[in-house]
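Chemist: Have a look; sequence and predicted model below, questions after that.
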Amino acid sequence: MPSLHPNPSAEHVNSPHSLLPFLQSQSQTTLTRLYQRPSSCLSIFRLLVPLQQQIVMNLLWLESAIASSTMAAWVVREGKKDYDTALSTLFRLHILSTSPIKLALNPTFKTSFRQALTGGGTTGSFGVPAPKDDKHPPMGIDGLDGYALERWETILHYMVSSGTGQNSMRPSKDVLYLLQRSGLMASPHGSLQITSAGFQFLLHSPHAQLWDLLLQYLRMAEERGMDLVEVLSFLFMLSTMELGREYSTEGMNGTQTAALTQKAMLNDLRDYGLLWQRKPSSRRFYPTRLATTLTSSSPPLPTSTGPSSGPKEGFIVLETNYRIYAYTDNPLQTAVLNLFVALKYRFPNLVVGSITRDSVKKALGNGISAEQIISYLIAHAHPQMRKNNPLLPVTVQDQIRLWELEKNRLKSQEGYLYTAFTSPADYELVLNYAKQLDVVVWENAAKRCFFGSLDGHANIKGFIERRTGGNA
Amino acid sequence: MDDDSKGSHLSVVVDLSPLYWARSALPAPENEFPLTLAAFLAQLLAFLNAHVACAHENTLAVFGAFPGKSILLYASSAPIPDGLAPDTNSANAYPPFNAVDAAVVQRITAELDALPEQDEEAPSALVGALAKALCYVNRFTLPPSANSKAQANGFHPGVLPDPRILVLSVSPDLATSYIPVMNAIFSAQKLKATIDVCQIYGPNTVFLQQAAHLTGGSYIFLERRDALLQYLIMSFLPPPAIRRTLSVPTQEQVDFRAACFCHKRIIDIGFVCSVCLSIFCAPLPVCTTCR
């Protein structure tokens, strides 16, 4: 029986940020242009894992390149592998200049990052704060949080309810297009329907969701003829801004095309709730918490429960009898729970349901995995639940995994069936040869046949031919 | 959230004794590499910014040890009072960096200006600052249940994984501070806080060496003072998790000498009370500590 308790967290620790592979695929010129801005350097630096950060820092204030062996002398023997991986990522990001024997930072990156740390320069890459506005009262942080939450939940809620036929508020056309392009929704029958990727998306943390969409946005930006460097710099600038401060759109653009790109981005990001403007034509904007926490791991949304003041973090209580109590009045959370829970009652602040075989099967059928259900339950567990060890009742966890295994009772594999051996000796000989190649999937000595996988066929065929050829 | 996302905490204790900084700034015949307070502060700020830059969640506290008093110069958990808030509005700097730099520089300037004119300077309150740094760490590592007040303030309880304290010292050992330093070391061990020490000027200090050794930190005697920033970044920036991969220098030899309780002198051979373990420089028939 396969292990029922894989360790899901082990892979996520120290896994690189989802943006980094995208950056690595960019050309050196693009990246070097990006590194001209101190704010971009700072944001990218934050996305690196701690070891890479330390390597960059060690090299940052050195005037000349140092020999790789000097740097490697600091590495503990057990850490050699991590160190090499870290270096290769930095090379691919072109933060380190490519030279095998000497280590040095990309000169552009070095200049800009030094500037970011010490201040100064005239790049204005950290956003131009707007002068005090006398006509309007400033927008409070609560207002911004509310706005960001409302925009973001509109998108998610639209996705959830698309499958159920209920009507909910439609996000703007651009958002819908983005959802469709990213494969989270599809329109097989004319109306937009959530896909299995979309269901999985719903169970991710808001932070991962945000970056998923932004990555897709970046890929689309190239097609729309927007300058990728401008788009990225704008995002990174947002991420270094201060929550609750008003910024001006003036003075941050250079060329004509850059100005156009920024204008388009202001519109798009307003739709996603990353920034707030009094009116679309306004020359000032406020970044919201979604934007300012882009490069951190603090929660991007103030509370995941609705506008009313619910519990700050977890809201789900799961009992060993598969009953689930969710202290929420938020339609989005209820809808997400509905993906894998059979809901029974609804009270003003509480939803009660139970996890059943059918409800989990339905979720599995939608493409959600057992692991995702469990990690969602863990992520949103009520503080009361956190006293338990393990956090979720083991019976429920195991059962959900077992239900998933039920789906996988049959496994198909392509290959060849070898039959009609003339003698047991022949059979044994070929079978042993196949076993040495490790390609035997199934064997039956009584019927003198065995099944070999596809990639072993050429070898086995050759072996049999050589044998028969030798006999003849 | 997993532990990685919590960021790390760094408390920096800066020795700001005007006397020793003045000596440290003297040109070539006195010092091979003169280092003025202003140059030191510039490099310190770059180092502090580097720590803040590493992760959004990293927290920082800076304590200053002035002659006879110690104060908190900056703490990332406390909002900066309006009077000290930087008149930032600058598009060229990251706001949190601005806040650290402005708060540290302004408070140091204000304190140094307010120092009374005296012929003899009081020794700098390094131990006081160290104790305050430990109190600060302790406040945020209390178990969640006992910390409902801090929770209400918006701080997550127990959010300081592997806290570190960095002591930047310029004064020599103060023999009277032996017992307070040892007490600080023991509480640091209990809090699982690492004490790193960088002796920027003057001779090696016995007590701080022991502090670093006993808490698993690293002690560095700054030889090339023109390369201060590189020393700081390479040895004191990496949190304990990184130190397992990239090693940091540790002392080969630690001076374990103690100070006697009777005259507060550092002694090579002492006499220890068999009951209370008090240390004396001369044999006494009756222990004065426990009688």
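Modeler: Great, that's in hand.
Chemist: Please tell me how far the residue of the stretch 151-300 of chain A found nearest chain B sits from residue A:275.
Modeler: For the stretch 151-300 of chain A, the residue closest to chain B is residue A:296, as judged by CB to the nearest CB, at 2.9 Å. Heads up, the C-betas are built off the backbone N, CA and C, glycines and all. Taking CB to CB, to the nearest Å as the measure, residue A:296 falls 17 Å from residue A:275.
Chemist: how much space between residue B:12 and residue A:60?
Modeler: Using CB to CB, we find residue B:12 at a distance of 19 Å from residue A:60.
Chemist: Would you mind giving the domain segments of chain B?
Modeler: Listed by automatic domain parsing, the domain ranges of chain B are B:3-256, B:257-291.
Chemist: As JSON lines, these with distance to residue A:337 and mean neighbour count would be great.
Modeler: JSON lines is the format used below for these (distance: least, CB to CB, whole Å; neighbours: other CB atoms under 10 Å in any protein chain shown):
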{"stretch": "domain B:3-256", "distance to residue A:337": "25", "mean neighbour count": "18"}
{"stretch": "domain B:257-291", "distance to residue A:337": "62", "mean neighbour count": "14"}
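Chemist: Where among those is average confidence lowest?
Modeler: Among the domains of chain B, domain B:3-256 has the lowest mean pLDDT, at a mean of 80.
Chemist: is chain A contacted by that one?
Modeler: Yes. Domain B:3-256 comes into contact with chain A (CB under 8 Å from any CB of the partner chain), by way of B:4-5, B:45-46, B:49-50, B:53-57, B:88-95, B:97-98, B:101, B:229-230, B:233-234, B:237-239, B:241-242, B:244-247.
Chemist: Which ones among these lie within helices?
Modeler: If you go by DSSP state H, those have B:45-46, B:49-50, B:53-54, B:95, B:97-98, B:101, B:229-230, B:241-242 in helices.
Chemist: For the residues you listed, name the two members farthest from one another.
Modeler: Between any two of those, the greatest separation by CB to CB is 28.5 Å, found for B:98 and B:241.
Chemist: want to throw the ones in helices among the residues of domain B:3-256 next to chain A into TSV with distance to residue B:259?
Modeler: Shown next, in TSV, are these (distance: CB to CB, whole Å):
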residue	distance to residue B:259
B:45	35
B:46	36
B:49	38
B:50	36
B:53	40
B:54	38
B:95	46
B:97	41
B:98	43
B:101	38
B:229	33
B:230	34
B:241	35
B:242	35
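Chemist: end-to-end on stretch A:162-173?
Modeler: Length of stretch A:162-173, first residue to last, CA to CA, to the nearest Å: 15 Å.
Chemist: which residues of the stretch 101-250 of chain B fall in strands?
Modeler: For the stretch 101-250 of chain B, the strands defined by DSSP state E, counting those that start in this stretch cover B:164-169, B:194-199, B:219-221.
Chemist: Which neighbouring elements make contact with the first one?
Modeler: Strand B:164-169 is packed against strand B:9-15, helix B:126-140, strand B:194-199, helix B:206-214, with contacts defined by 3 or more CB pairs under 8 Å, 6 or more residues apart in numbering or on different chains; DSSP states H and E.
Chemist: Show me what the first one is in contact with.
Modeler: If I follow you right, that is strand B:9-15. B:44, B:48, B:51, B:58-65, B:73, B:124, B:126, B:129-130, B:133, B:136-137, B:140, B:160-171, B:200 (CB atoms under 8 Å, 6 or more residues apart in numbering or on different chains).
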